[in-house]
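# Requesting a structural model of the entry that follows:
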Amino acid sequence: MAEVNQGRRGARIEGDFVVFLIGARLDKLHPIRSLRDLGGMRSMPYMLKYLTQHPEKGLLGYETHGLMNVQYWRSFEHLERFARDESDPHLEVWRRYWKRVGRDPRSGIWHETFLVRDGEYEAIYGNMPAHGLAKATEVVPLGADSSARRRLRRVTS
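This is a model prediction of the structure:
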């Protein structure tokens, strides 16, 4: 089990970054077929292992929650380059999915991309192991006077 950071903690990252949410929907009657549709052995776990082994690709970290995961990327350019590069594992899996499934509703995929500007994020963790953005970047202690407004660098009106 991961070490619990006692007290209030936050996450620190310098510069802009990207939060990428991605998930899938399986056909309840044919889950094995859906998993094959989604890439089988070359699916998300394989791609995440590949990205972890190649930090120069720009993935800072990720967490998986069932059929959805949250990914933290250094930049949109890194994410886009990985998605489009013929030598990386994503493009072939994506093409096979659309060739195999097309508009058939038997399985589904989705993603959402958020571009986060430097300093325009807030992450707080109370008595938690490194989690989310802090796990992908750096865990930092928060002072007793820390507030969401201050962490977001918003000026009080």
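
# Assumed Arg100 was part of a strand.
No: secondary structure of Arg100 (DSSP: H, G, I helix; E, B strand; the rest coil): helix, not part of a strand.

# Would you confirm that it contacts Leu38?
No: the pair Arg100 / Leu38 is not scored as a contact, 9.5 Å apart, by C-beta atoms under 8 Å. Bear in mind the C-beta positions are built from the backbone N, C-alpha and C, glycine included.

# For the two, work out which one has more neighbours and name it.
Here Arg100 and Leu38 are compared on neighbour count by other C-beta atoms under 10 Å; more neighbours surround Leu38, at 22 against 15.

# How about residues contacting stretch 119-132?
Stretch 119-132 has contacts (C-beta atoms under 8 Å, 6 or more residues apart in numbering) with 1-11, 13, 17, 63, 70, 133-135, 139, 142, 148, 151-153.

# Could you tell me which of the residues you listed count as buried?
Of all the contacts of stretch 119-132 considered here, the ones buried according to neighbour count by 16 or more other C-beta atoms under 10 Å are 5, 9-11, 13, 17, 70, 133-135, 139, 142, 151.
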